[in-house]
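S.K.: quick one: sequence and predicted model below, then my questions.
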Amino acid sequence: MNVLRPLQSAVGAQRAVSSAASVSSPASGSALSLADLAAASVAAAPRIRPYVRRTPLEDSPWLSGAGNCRAWLKLESEQVTGSFKARGAVNKLLSLSKAQLATGLVTCSTGNHALAFVHAARAAGGPGVLERALVYLPKTASPVKVDKLRARGAELALHGDDCLDAELEAQRVAVERGLVYVSPYNDYEIMAGQGTVSVEILEQLQEEEQRRAADIKQLPADENAAELVVYVPVGGGGLIGGMAAVLKTALGARVRVVGCQPAASDVMRQSVAAGRIVEAASGDTLSDATAGGVEEGAVTLGPCIDGVDEWVCVSEQEIADAVLSVLRAHSKLVEGAAGCAVAAFWRQRRQLAGKRAVVLCCGGNISVEALKTVLERGRVLSADAEVDRAAEEQSVNG
Ligand SMILES: Cc1ncc(COP(=O)(O)O)c(C=O)c1O
């Protein structure tokens, strides 16, 4: 059975509806269905392939053992620029007309999206696009990030004291000068690009089944037999929106999509609960890449409401434990956002027996300061350590 078939039909259906054939930006109004968005991701996958990596779907004996399930880490931490963000940025730039690219682009980000945008402008934009691009950052952005972006040839504009100030100024300048504003998440082309992570996961799981069947000399098992649970970190919702659209269109009720956020900053979870984007305070978190508010009217809200089955919010201790444990079990360095997904899996591990689980390690750009915190405060997540900890707690409690 081909798990990608429903996706291929979604593409066919989308082509038949000409108005949906090119996914629209928020300004154009109409909301896309999950099937439309999935079709856009399937179309984006071959288009962005020359500019991004097919990242490993790494078998995790550690998590498989803990959950009595089959678990994998999807290592977008090994993507070009160190996060999945390159997928969306490349897809967005490839969707722009020559005239738009010639006029100039503006974006705003303090981290992964800015790196991805610069990569996309250089690799997929064409000659001179990076020279005509402007990246807004708050004046408070870390000097390390500023230097990293400058070294890659980006023209930077420092404005305001936080991301929202910088974002509003970037949007104002875009309107004033007639430039294209490239949002980090509030854009269907960005979401469709991020959704290619799911297209790749489905292909890789199918290859995995075929390999297993060849090993045991049997026909491939029905790869849909075991429920699939996918843990995805969430900030503005572009990643999970695109990913959930593809997974739900391909597998329907046989997939559970779990949105993972730090408890210190869970604006999208609160927004989904309220049915509208809410303003909510955000605290400091090791998951800096997912922290902060969500733009009013963001097109990511609909896909998050329709495509996410469950939300898990994790503590700073759980994130530190998760990042440290991935390092120990896989010798891979992931950032705090990825730690949210690993921590959510760990919390739910006793509900996963007999299932398949994919944990999205969305990025690897951890700062030296955050890594220091992880090494100082993190605890190793393993069944043995749990026994040790229980014994320790018992002796402390007398
Ligand atoms: C590493 C990483 N993970 C997760 C996210 C969240 O993605 P989204 O804002 O599309 O929900 C981001 C956003 O910048 C990120 O950089």
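M.R.: Perfect, thanks for sending it. Residues are numbered from 1 along each chain as shown.
S.K.: which ones are touching Val52?
M.R.: Residues counted as contacts of Val52 (CB atoms under 8 Å, 6 or more residues apart in numbering) are Gln79, Val80, Ala86, Arg87, Val90, Thr196. (Glycine included, C-beta is placed from N, CA and C.)
S.K.: helices or strands up against the host helix or strand of Ala344?
M.R.: Ala344 is part of helix 336-348 when elements are defined by DSSP states H and E. Contact here means 3 or more CB pairs under 8 Å, 6 or more residues apart in numbering; DSSP states H and E; on that basis helix 336-348 packs against helix 61-67, strand 228-233, strand 255-262, strand 310-314, helix 316-330, strand 356-361.
S.K.: the second one - contacts with which helices or strands?
M.R.: In terms of contact count using 3+ CB pairs under 8 Å, 6+ apart, strand 228-233 is assigned the packing partners helix 188-215, helix 238-251, strand 255-262, helix 336-348, strand 356-361.
S.K.: now the element after the last one, going C-ward?
M.R.: Translated: strand 356-361. helix 368-377.
S.K.: secondary structure class for Glu279?
M.R.: Following DSSP: H, G, I helix; E, B strand; the rest coil, the label given to Glu279 is coil.
S.K.: quick revisit: and the helices and strands packed on helix 336-348, which is most packed in?
M.R.: Stretch with highest mean neighbour count among the helices and strands packed on helix 336-348: strand 356-361 (a mean of 28; mean count of other CB atoms under 10 Å).
S.K.: can you give me the buried ones in stretch 158-175?
M.R.: His159, Gly160, Cys163, Asp165, Ala166, Glu167, Glu169, Ala170, Gln171, Val173, Ala174 (16 or more other CB atoms under 10 Å).
S.K.: also stretch 291-304?
M.R.: Residues Ala291, Gly292, Gly293, Val294, Glu295, Ala298, Val299, Thr300, Leu301, Gly302, Pro303, Cys304 are the ones in stretch 291-304 that count as buried (16+ other CB under 10 Å).
S.K.: can you check stretch 373-381 too?
M.R.: By 16+ other CB under 10 Å, the buried positions in stretch 373-381 come out as Thr373, Val374, Gly378, Leu381.
S.K.: show the backbone phi and psi for Thr55.
M.R.: When read as degrees, to the nearest 10, the backbone of Thr55 gives phi -90, psi 150.
S.K.: that one touches Glu200, doesn't it?
M.R.: Yes: between Thr55 and Glu200 a contact is recorded at 7.3 Å, counting by CB atoms under 8 Å.
S.K.: that older thread, what is the nearest of the buried residues of stretch 291-304 to the ligand?
M.R.: Thr300 (7.1 Å; CB to the nearest ligand atom).
S.K.: just checking, the closest one touches Ser271?
M.R.: No: checked against CB under 8 Å, the pair Thr300 and Ser271 is beyond contact range at 9.2 Å.
S.K.: so Pro184 belongs to a strand, correct?
M.R.: No: assignment of Pro184 by three-state DSSP gives coil, placing it outside any strand.
S.K.: for it, which non-adjacent residue is spatially closest?
M.R.: His113 (3.8 Å; CB to CB, 6 or more residues apart in numbering).
S.K.: so how far is stretch 154-169 from its chain's centroid?
M.R.: 23 Å (CA atoms, centre = their mean, to the nearest Å).
S.K.: got a list of contacts for it?
M.R.: Under CB under 8 Å, 6+ apart, the answer for stretch 154-169 is 108-110, 114, 118, 130-131, 133-141, 146, 149-150, 170, 173, 292-293, 295.
S.K.: how about 6 Å then?
M.R.: With CB atoms under 6 Å, 6 or more residues apart in numbering as the test, stretch 154-169 has contacts from Cys108, Val118, Leu134, Val135, Tyr136, Leu137, Pro138, Lys139, Thr140, Leu149, Gly292.
S.K.: are any of these buried, and which?
M.R.: By 16+ other CB under 10 Å, those give Cys108, Val118, Leu134, Val135, Tyr136, Leu137, Pro138, Leu149, Gly292 as buried.
S.K.: identify, from those residues, the entry nearest to the ligand.
M.R.: Nearest to the ligand, judged by CB to the nearest ligand atom, of those is Gly292 at 9.1 Å.
S.K.: could the buried ones among the contacts of stretch 154-169 go into TSV alongside pLDDT, distance to the ligand and secondary structure?
M.R.: Output for the buried ones among the contacts of stretch 154-169, formatted as TSV (pLDDT from 0 to 100; distance: CB to the nearest ligand atom, whole Å; DSSP: H, G, I helix; E, B strand; the rest coil):
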residue	pLDDT	distance to the ligand	secondary structure
Cys108	94	12	strand
Val118	96	14	helix
Leu134	96	19	strand
Val135	96	14	strand
Tyr136	95	15	strand
Leu137	91	14	strand
Pro138	86	15	coil
Leu149	92	14	helix
Gly292	88	9	coil
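S.K.: SS state for the nearest residue to Ala141 once chain neighbours are set aside?
M.R.: Distance criterion CB to CB, 6+ apart; nearest residue to Ala141, sequence neighbours excluded, is Thr110 at 4.8 Å. Put simply, Thr110 is coil when judged by three-state DSSP.
S.K.: so Ser60 sits right up against Ala71, yeah?
M.R.: Yes: contact status for Ser60 versus Ala71: in contact at 4.7 Å, counting by CB atoms under 6 Å.
S.K.: who touches the residue lying closest to Pro303 once chain neighbours are set aside in this structure?
M.R.: Counting by CB to CB, 6+ apart, Gly241 is the residue found nearest to Pro303 once chain neighbours are left out, at 3.5 Å. Going by CB under 6 Å, 6+ apart, Gly241 touches Met191, Thr300, Pro303, Cys304.
S.K.: which residues touch the residue minimising distance to the centre of the chain?
M.R.: The chain has Leu239 as the residue nearest its centroid, 3.9 Å off, counting by CA atoms, centre = their mean. Shown in contact with Leu239 (CB under 6 Å, 6+ apart): Gln194.
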